[in-house]
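Asker: Dropping the sequence and predicted coords here.
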Amino acid sequence: MSIIKEFEDFFIKGNVLDLAVAFIMGAAFNAVVTALVTDIFTPLIGIPGHINLNQVTYTLNGSTFLLGAFVNSVIAFLSISIVVFFFVIKPVSKIKKKHADAAPAQQTKTCTYCLSNIPLMATRCPFCTSQL
């Protein structure tokens, strides 16, 4: 098998495409959450003290620490975490639990002569060789 064919098989399996779509959607979601935090949440936090968090900095020996930007990043991280938990993890867990609770299809049957478990599609018992 040629390397090109192997790469094509790997690419078509969907793993790479799923990862690419997830990456693109994650980047778009990050942009939306960052805008939400910087444009809506941060001004709401600053209302009581009349503070614009984007402009909150601390300077020490010529080094500027962007404290407001850090707070924005923390709020964005928490927002993304909450959304992922409630809209991805919880529903998927519920679906997995629902499927786990469903009874699995019967794979074997009991031989009427020797009471051994045999495959469902068997026509002869491998233990007592009786015709079923």
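Answerer: Cool, the structure landed.

Asker: What are the contacting residues of stretch 33-51?
Answerer: Contact partners of stretch 33-51, identified using Cβ atoms under 8 Å, 6 or more residues apart in numbering, comprise Asn52, Leu53, Asn54, Gly68, Val71, Asn72, Ile75, Ala76, Ser79, Ile80, Val83. Placement of C-beta: from N, CA and C, glycine included.

Asker: can you rerun that using 7 Å?
Answerer: Asn52, Leu53, Asn54, Asn72, Ile75, Ala76, Ser79, Ile80 (Cβ atoms under 7 Å, 6 or more residues apart in numbering).

Asker: For Tyr113, list the residues it contacts.
Answerer: Cys125, Cys128, Ser130.

Asker: Identify the residues contacting the second one.
Answerer: If I follow you right, that is Cys128. Cys111, Tyr113, Cys114.

Asker: Can you pull the phi/psi pair for the last one?
Answerer: Going back to what we said before, that points to Cys114. Dihedral angles of Cys114 (phi, psi; degrees, to the nearest 10) stand at phi -110, psi 0.
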